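K.L.:
any chance you could fold what I've pasted below:
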Amino acid sequence: MKKSPPLPRVRTDGVAAMVESIVGCKWSLIVLQLVRQGVNRPGAMERAVPGLTAKVLNERLRKMIRYGIFERKVFPVSPPHVEYRFTPFGRKFLRLLRGIERLQDELE
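P.N.:
Next up is the predicted model:
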């Protein structure tokens, strides 16, 4: 009996899991798009997207920080002013998303 070749190892951690977590979530993609367009304050993000609640937005922002895609900048003013920006890794991650968008454009 001929032995089958070993199956390739499937990665379920690291960058692959991060991409799945982000690309599989419409709100994460929307938040990435907003920051990419220069909308980087939480209140402005909520106002820009009907249905986006503060709770969901904060969860997505924390996820992006945890993955190293965003950095949170707090300005020492009253009232507090917070902005989210792409990290160097986040800008690299955007290249992946732009590739997905180009593929979608080609299919359409």
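K.L.:
element containing the closest residue to Val49 other than its chain neighbours, please.
P.N.:
In space, and not counting its chain neighbours, Val49 is closest to Ile30: 5.8 Å by CB to CB, 6 or more residues apart in numbering. (Each C-beta comes from the backbone N, C-alpha and C, glycine too.) Ile30 belongs to helix 26-36 when elements are defined using DSSP states H and E.
K.L.:
and that helix, what does it pack against?
P.N.:
Applying 3 or more CB pairs under 8 Å, 6 or more residues apart in numbering; DSSP states H and E, one finds that helix 26-36 contacts helix 14-23, helix 42-48, helix 54-66, strand 81-86, helix 88-107.
K.L.:
worst mean pLDDT among those?
P.N.:
Least confident of the helices and strands packed on helix 26-36, judged by mean pLDDT, is helix 14-23 with a mean of 79.
K.L.:
contacts for it next, please.
P.N.:
For helix 14-23, the surrounding residues in contact (CB atoms under 8 Å, 6 or more residues apart in numbering) are 11, 28-29, 32, 63-64, 67, 69, 96-97, 100.
K.L.:
relative to helix 88-107, how tilted is the helix holding Ile30?
P.N.:
If you take axes from the mean of the first three to the mean of the last three CA atoms, to 10 degrees, helix 26-36 sits at 110 degrees to helix 88-107.
K.L.:
sorry, back to before: go through the helices and strands packed on helix 26-36 and name the closest to Arg36.
P.N.:
helix 88-107 (6.5 Å; CB to CB).
K.L.:
C-alpha coordinates for that closest one, CSV please?
P.N.:
Output in CSV follows, covering the C-alpha atoms of helix 88-107 (Å, rounded to 0.1, in the frame of the first residue of the first chain):
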residue,chain,number,x,y,z
PRO,A,88,4.2,50.7,11.6
PHE,A,89,2.9,47.2,11.7
GLY,A,90,-0.6,48.5,11.1
ARG,A,91,0.5,50.2,7.9
LYS,A,92,1.9,46.9,6.7
PHE,A,93,-1.3,45.2,7.6
LEU,A,94,-3.2,47.7,5.5
ARG,A,95,-1.2,46.5,2.4
LEU,A,96,-2.8,43.1,2.9
LEU,A,97,-6.3,44.7,3.1
ARG,A,98,-5.6,46.8,0.0
GLY,A,99,-4.6,43.5,-1.8
ILE,A,100,-8.0,42.0,-0.8
GLU,A,101,-9.8,45.1,-2.1
ARG,A,102,-7.9,44.9,-5.5
LEU,A,103,-8.9,41.3,-5.8
GLN,A,104,-12.5,42.2,-5.1
ASP,A,105,-12.3,45.0,-7.7
GLU,A,106,-11.0,42.5,-10.3
LEU,A,107,-13.8,40.1,-9.6
